[in-house]
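[1] coordinates only, sequence not included:
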């Protein structure tokens, strides 16, 4: 199995402190919801808000969502946000962002790669970060929206922002990703992109998620939890015919340098179930 440690940005709102942690032993959780649930276990006492991406985010078509994991009055929820935030987290060189504590005053987080600046709510989030390389997630009225459009189902994320006295998060990612066999990667990318007819959603003229040309109207409200493998990668639920194809999944992981086995994939649901049981 690939041994690159998972890189997690941990942010303490109460103390206005942050640190980047490398976790050597989280590879079995792959990413996305798997990684998010394990981080929830590790940070449970801090009541964290977790944003987690998977190994395919930023690299392949329709792997466009970000897993958001939180504790909703004792129930661990996983919801999924569209747009381009998964791309920015990936280009920031991170696998996850963990936010905990309550800010002493209304705050906006300005994240540049793995560095965090704590800004006043008087700062306009739209003017923070680098143009063309950022995502802006902010509380607009009663809704938390990414780029003024993409949101999540229910009101779990809004409650987290309010409880943490958080009004905006700006994420800028500028790191470049290296792929050793680029020709093979490019061929695989094109093959997956050409399977857009396999998506269970219609093409439209709405804002698209990163690495997706569909412009469907479904991504505006995000997704709820579901298929464990799909949401650990973290792919769009409407691309389940593609990213539940084990052959495609292993090809994508392999070209990116991951060496997961069939046993690793097959054991993922049980691993996540055990993690949730320990949290409960």
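    In hand now; what should we look at? Predicted, not measured: the structure shown is a model, and the values here were computed from it.
[2] which residue sits closest to residue 61, ignoring its sequence neighbours?
    residue 193 (4.5 Å; C-beta to C-beta, 6 or more residues apart in numbering). Where C-beta positions appear, they are placed from N, C-alpha and C, glycine not excepted.
[3] Phi, psi for that neighbour please.
    Phi and psi for residue 193, reported as degrees, to the nearest 10, are phi -60, psi -30.
[4] Test my guess that it contacts residue 187.
    No. Here residue 193 lies out of contact with residue 187, judged by C-beta atoms under 8 Å, at a distance of 10.9 Å.
[5] Quick one: residues contacting residue 203.
    196, 213, 214, 215, 216 (C-beta atoms under 8 Å, 6 or more residues apart in numbering).
[6] Of the residues you listed, keep whichever come out buried.
    196, 214, 216 (16 or more other C-beta atoms under 10 Å).
[7] Next, format the residues you listed as a markdown table and append secondary structure and pLDDT.
    Converted to a markdown table, those look like this (DSSP: H, G, I helix; E, B strand; the rest coil; pLDDT from 0 to 100):
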| residue | secondary structure | pLDDT |
| --- | --- | --- |
| 196 | helix | 91 |
| 214 | coil | 92 |
| 216 | coil | 93 |
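[8] possible to save these as JSON lines with distance to residue 5?
    As requested, the buried ones among the contacts of residue 203 are exported to JSON lines (distance: C-beta to C-beta, whole Å):
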{"residue": "196", "distance to residue 5": "34"}
{"residue": "214", "distance to residue 5": "34"}
{"residue": "216", "distance to residue 5": "35"}
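[9] between the residues you listed, which is nearest residue 40?
    residue 216 (29.7 Å; C-beta to C-beta).
[10] ok, residue 73 - how many residues close by?
    Number of residues near residue 73 (other C-beta atoms under 10 Å) recorded here: 7.
[11] Sorry, wrong one. I was asking about residue 114.
    17.
[12] Spatially central residue for the chain, please.
    In the chain, the centroid-proximal residue (C-alpha atoms, centre = their mean) is residue 66; its distance is 2.6 Å.
[13] wait, it sits on residue 54?
    No. Residue 66 lies out of contact with residue 54 (C-beta under 8 Å); the separation is 9.2 Å.
[14] Tell me the residues that contact both of these two, please.
    residue 234.
[15] buried residues in stretch 197-217?
    Going by 16+ other C-beta under 10 Å, stretch 197-217 has these buried residues: 199, 201, 207, 208, 209, 210, 211, 212, 214, 216.
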